[in-house]
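pasting a predicted model and its sequence here:
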Amino acid sequence: MAVAVVVLRLLVCLLASPLFLLHALGLWSQICKRWWFPHFLARFSVMYNERMAGRKRELFGSLQAFAGPSGRLSLLEVGCGTGANFQFYPPGCRVTCVDPNPNFEKFLIKSIAENRHLQFERFVVAAGEDMPQVADGSVDVVVCTLVLCSVRDQGQILREVCRVLRPGGAFFFLEHVAAESSTWNYFWQQILHPFWHLLFDRCHLTRESWKALERVPFSQLKLQHFQAPLSWELVRPHISGYAVK
């Protein structure tokens, strides 16, 4: 099986050689970050929200329970992308967004205009692994959706999450993950990973993100595995839940 994965990976890389050539020449990163990925995500997020609306409403329905003594929820979204989650946040929620790609800002502005029930605080251009602009213990809730698949260091981003959360605050997550190792889906995830990783801005198909979450000393972790109702079989395996600091 391992030999088949290697051979088929080479075949996929050969078929996608123009993309790999652009990457080798240092051109693909600029194209991906400035144009391709922001526009792709803007379109994909609409479809994803249609399929996952029920799951998101259920997950984010308990956000307000973690509001501070004032009753106003302070929320930090890490890897905010186009602001696709805004519609699911409670009224009056104060939102700060962090993303390493500044090219998402114009999409965020549009999402802010469409979600007047929120109080938007600021957009910080930074990687989730290093957010010095966000003070220690300053937020009630951190949200991360479809982000742990692409960060460089899952352990470091989760340490940053714990740093910025106040005691008793919560981390909410919704992520696609690796399929079970005995399935054909996992077989194809392994084969397509190098191409997928390049095309979708460092997204990993085979990450077992639940293991990184289980290693963090949260006081409480609620995590559920499920198959998302998506057309793309490769990204159907998901986890969702929340963890309390």
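Sure, I can see it. Numbering: from 1, shown residues only.

continuing past the least confident helix or strand in the chain by mean pLDDT, what's the next helix or strand?
Lowest by mean pLDDT, DSSP states H and E among the helices and strands of the chain is helix 2-15, with a mean of 83. Past helix 2-15, further along toward the C-terminus, the next helix or strand under DSSP states H and E is helix 17-24.

packing partners of the helix or strand following that next one?
Downstream of helix 17-24, the first helix or strand assigned by DSSP H and E is helix 28-31. Of the remaining helices and strands, those touching helix 28-31 by 3 or more C-beta pairs under 8 Å, 6 or more residues apart in numbering; DSSP states H and E are helix 17-24. Just so you know, the C-beta spots here come from the backbone N, C-alpha and C atoms, and that holds for glycine as well.

got the buried residues for the helix it packs on?
The neighbour-count check on helix 17-24 (16 or more other C-beta atoms under 10 Å) flags 19, 22, 23 as buried.

now the second one, nearest residue through space, not along the chain?
To tie it back to what came earlier, the one meant is residue 22. Setting aside the residues directly before and after it, residue 22 is nearest to residue 28 in space (C-beta to C-beta, 6 or more residues apart in numbering), at 4.1 Å.

same question for the last one.
Leaving aside its chain neighbours, residue 23 sits nearest to residue 198 (5.9 Å; criterion: C-beta to C-beta, 6+ apart).

pLDDT wise, what is the one you found at?
Here the pLDDT value assigned to residue 198 is 93.
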